[in-house]
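Chemist: 3D model of this:
(chains A and B)
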Amino acid sequence: MIKIKIIVCIKQVPGTTEIKINPETNTLIREGIETVINAFDTYAIEEGVRLKERLLSNPETKEEVEVIAITMGPHQSESILREAISLGVDRAVLLSDRAFAGADTWATALTLQNAIKKFDDWRLVILGKQTLDGDTGQVGPELAQMFNIPFVGYASNILEINRTRMIVKRLMDDRYETFEIKLPAAISVGKEINIPRVPSLRGKLKAKNEQIPVWNKGELGLEDEKIGLSGSYTQVVKIFIPKTIHEVKMITGGPDEQAEELYGKLKELSIL
Amino acid sequence: MEIKVDESTCTGCSLCKNVCMYDAIDIVGKKAAINENCVFCGACIDICKFKSIEITGLSQGYKDFSQYKGVMVFIEQQPGSIADVSYELLSEGKKLADALGTELTGILLGYNLSQSYPEIFKYGTDRLYVIDNEIFENNLDDIYAKALVQVIHRFKPDIFLAGATGFGRTLIPKVAAIIKTGLTADCTSLAIDPEKKILLQTRPTFGGNVLATIITRNARPQMATVRPHVMEKKQIDVKPGEGGSNGKPDVDIAKHAESISLGGPDSNICKSGEDYNGRVEYIELDISNFKTKYKLIATEKETGQSINLTDYDVIVSGGRGIGGPENFGLLKELADALGGVVGASRAAVDSNWISYPHQVGQTGKTVNPKAYIACGISGAIQHLAGMQTSDIIIAINKDPDAPIFKVANYGIVGDLFEIIPKLIKRIKYGNNLIQN
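Modeler: Residues are numbered from 1 along each chain as shown, chains lettered A, B, ... in the order given. Next up, the predicted model:
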């Protein structure tokens, strides 16, 4: 039987702790900014690897699974794919082309869709629930819609899975919902779903030696007007750093005075 | 498509390099050089004093969108009530509709809906489309998406707004993908460009450090989602006899009187003889192709208290300084006294002191309450990203240099275990703490 494929979509983002604003010029201080795997995508990688282990060890399914990580980005994004391999992903593909730049969520989803189409017998796409830089959470549902497959966002637990169907629980704002869906499908995950492992030594070695193919627009059969900024329905027209005129009022004195003044403030601000 | 630097005018001043968020500009031989990191965000073009940078080859093909009119708001219905964010969006939508001189409509989907929607018209809704059908019973994304697509195709709104709730954030991208139009997530400000009459959608990015204004350039409707509590809920004024904001005749009022009749304790603005204009229209859908791909097996409330942080006006949050899970009881007591809810930093959640749905910050919830009280939270940037747009921030921390004080309106350097019990006592028993 053909191996089932699980596709994990990941993104390289700036390690945002490092982003600081120069208060004089009101510009970003970029020094020392590292790029890392988007935090939520590490849960997506882990879930892909866990499902592989689970499907193989289940005597009823005994499915062989291949976990494939893909990312769209500049050439340097290759490093996060190597990291994904060190975490247990079987192989990875980098989607990189100058023409992909400036893609909005639509053009990103379309590019990912065309890459995923090239694999046969993929049954599940796993994404992080949102990226930390763009923070939209839109690529997952848009991608699923392009394939016309079910999408379950904020998945918190995969209760059952086999080649053709899964039972998955998702966290909405104030409730959990459990769905049965047919595969192929796509899910997005956050930190509720698992605790990611650390890379194994074997994984690190594999990651170092792995050849990572790069697919460009030609390989994806995509024309210029479908990708990057040209293929985007939205466009950034202005990007700016909000001016913060901020002053903190310190409430001083002993605990009694502080509590009393805070009480007064809460009254004054109609919070009480 | 290409981005080019005109080397004859570029002075190598580095302004563009400094403003670039993607490390995409190097200064080589006193000229800016743009590398492959560039995502065409245009920040460098904006800041360049010499107009030396330009994006070329982007088709600006003119499309006729004149048949798209009006502002439509997706009214999100939760069992028994309408999500507050819908009223916030109607208020915002009203401003946009007025700026465009157009109509504000709402679309409400559900099963066994209430027969009257007085609240919806208090925010300036001209027309409310309602589809009441059992297919909406389980709030299934794909059924909702198909229905909204039909509605949009039929009424062709120029602008479509929805709340960035858990449901909205899954549903609306599907709608945009089927319609083939742009969607901007989590906008914090919406405005109409006075010349081009297009929607300017501003949203935070890079963890809230940067704002980006986005347009939908070649498709309609212009779709945007907005998080709860970001926009202000504002009822419109109704003057006697006018019966509505745009002076339309009240012909539909009589016909739909039962649907829009006002009354009860909420009608404080609406005295006798006045009324809000607006009409309810029940519409039919072609549901022949409405097969769902989802089978809902179970729905369960989050155990314990309801924990949708964005539903509350006051959040009392605890971080590492709380010391342990047992001390969240103290915060809960304060939160209860203020009619609020308990939040937490990632540090507290990662230590298993409190469950994940309480987490505020970049990897948790983004909240905008009226008051955010941060207790023993140092204020890592990821946390700030999730709460810095709160109306009032009060921080209590032992460390005077804690970054939380940089975003706080009121700061207290002190021991929260002394101050908070005193505050709770003060609220509950009302005795002035300072005896003169």
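
Chemist: residue numbers of the stretch 201-350 of chain B in contact with chain A?
Modeler: B:201, B:204-207, B:209-219, B:293-302, B:306-308, B:310-311, B:313-314, B:338 (C-beta under 8 Å from any C-beta of the partner chain). Bear in mind the C-beta positions are built from the backbone N, C-alpha and C, glycine included.

Chemist: out of the residues you listed, list just those in strands.
Modeler: B:201, B:204-205, B:210-216, B:294-301, B:314 (DSSP state E).

Chemist: give the closest residue to B:Pro157 in space, chain neighbours not counted.
Modeler: The spatially closest residue to B:Pro157, leaving aside those adjacent along the chain, is B:Met72, at 3.7 Å (C-beta to C-beta, 6 or more residues apart in numbering or on different chains).

Chemist: could you do B:Pro369 as well?
Modeler: Nearest non-adjacent residue to B:Pro369, counting by C-beta to C-beta, 6+ apart: B:Ile315, 4.8 Å away.

Chemist: then A:Ala103?
Modeler: Nearest to A:Ala103 is A:Gly228, by C-beta to C-beta, 6+ apart, at 5.2 Å.

Chemist: pLDDT score assigned to that neighbour?
Modeler: In this prediction, A:Gly228 carries a pLDDT score of 92.

Chemist: and the gap between it and B:Asn139?
Modeler: 36 Å (C-beta to C-beta, to the nearest Å).

Chemist: okay, now residue 102: neighbour count?
Modeler: All of this is about chain A. Residues lying near A:Gly102 (other C-beta atoms under 10 Å in any protein chain shown) number 23.

Chemist: that's the wrong chain, I wanted chain B
Modeler: By the measure other C-beta under 10 Å, the count of residues near B:Thr102 is 18.

Chemist: give me phi/psi at it?
Modeler: In this entry, B:Thr102 is assigned phi and psi values of phi -130, psi -170 (degrees, to the nearest 10).

Chemist: ok, the one 4 residues further on next?
Modeler: Note on B:Gly106: backbone dihedrals following degrees, to the nearest 10 are phi -120, psi 150.

Chemist: run through the residues that contact it.
Modeler: Going by C-beta atoms under 8 Å, 6 or more residues apart in numbering or on different chains, B:Gly106 touches B:72-75, B:86, B:90, B:120, B:125, B:127-129.

Chemist: for the residues you listed, which one is nearest chain A?
Modeler: Lowest distance from chain A to those (C-beta to the nearest C-beta) belongs to B:Ser86, with 13.9 Å.

Chemist: quick check, that closest one in a strand?
Modeler: No - per DSSP: H, G, I helix; E, B strand; the rest coil, B:Ser86 lies outside any strand segment and is helix.

Chemist: for B:Leu128, see how far away it is.
Modeler: According to C-beta to C-beta, B:Ser86 and B:Leu128 sit 11 Å apart.

Chemist: what's the overlap in contacts for those two?
Modeler: With contacts taken as C-beta under 8 Å, 6+ apart, the residues that reach both B:Ser86 and B:Leu128 are B:75, B:106, B:120.

Chemist: filter the ones in strands among the residues of the stretch 201-350 of chain B next to chain A to the buried ones?
Modeler: With burial judged by 16 or more other C-beta atoms under 10 Å in any protein chain shown, the buried subset of those is B:201, B:204-205, B:210-216, B:294, B:314.

Chemist: show me the shaky parts of chain A.
Modeler: Low-confidence segments of chain A, defined by pLDDT under 70: A:1, A:16-33, A:243-245.

Chemist: where along it do the helices fall?
Modeler: For chain A, the helices defined by DSSP state H occupy A:39-57, A:78-86, A:105-116, A:139-147, A:201-209, A:255-268.

Chemist: so of those helices, which one's packed in deepest?
Modeler: Comparing the helices of chain A on average neighbours per residue, with mean count of other C-beta atoms under 10 Å in any protein chain shown, the densest one is helix A:139-147 at a mean of 26.

Chemist: so, in contact with chain B or not, that one?
Modeler: Yes - residues of helix A:139-147 contacting chain B under C-beta under 8 Å from any C-beta: A:140-142, A:144-146.

Chemist: how far off helix A:39-57 does that helix point, in degrees?
Modeler: 60 degrees (axes from the mean of the first three to the mean of the last three C-alpha atoms, to 10 degrees).

Chemist: other residues contacting helix A:139-147?
Modeler: If you take C-beta under 8 Å, 6+ apart as the criterion, helix A:139-147 is touched by A:9, A:105-106, A:108-110, A:112-113, A:116, A:125, A:127, A:129, A:150-151, A:153, A:184-188, B:141, B:145, B:169-171, B:173-174, B:176-178.

Chemist: then stretch B:422-436?
Modeler: Contacts with stretch B:422-436, where a contact means C-beta under 8 Å, 6+ apart, come from A:255-257, A:259-260, A:262-263, A:266, A:272, B:330, B:333-334, B:337-338.

Chemist: and stretch A:196-212, how far apart are its ends?
Modeler: Distance between the two ends of stretch A:196-212: 23 Å, counting by C-alpha to C-alpha, to the nearest Å.

Chemist: what do you get for stretch B:98-112?
Modeler: End-to-end distance of stretch B:98-112: 33 Å, with C-alpha to C-alpha as the criterion.

Chemist: could I get the buried residue list for it?
Modeler: For stretch B:98-112, burial by neighbour count (16+ other C-beta under 10 Å) applies to B:98-100, B:102-110.

Chemist: can I get the residues you listed in a markdown table including pLDDT and secondary structure?
Modeler: Output for those, formatted as a markdown table (pLDDT from 0 to 100; DSSP: H, G, I helix; E, B strand; the rest coil):
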| residue | pLDDT | secondary structure |
| --- | --- | --- |
| B:Asp98 | 96 | helix |
| B:Ala99 | 97 | helix |
| B:Leu100 | 96 | helix |
| B:Thr102 | 96 | coil |
| B:Glu103 | 96 | coil |
| B:Leu104 | 97 | strand |
| B:Thr105 | 97 | strand |
| B:Gly106 | 97 | strand |
| B:Ile107 | 97 | strand |
| B:Leu108 | 96 | strand |
| B:Leu109 | 94 | strand |
| B:Gly110 | 92 | strand |
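
Chemist: now the two most distant members of those.
Modeler: Using C-beta to C-beta, the pair of those lying farthest apart is B:Ala99 and B:Gly110, separated by 30.0 Å.

Chemist: tell me the two of the contacts of stretch B:422-436 that are most distant?
Modeler: Farthest apart among the contacts of stretch B:422-436 by C-beta to C-beta are A:Glu257 and B:Glu333. That separation is 21.4 Å.
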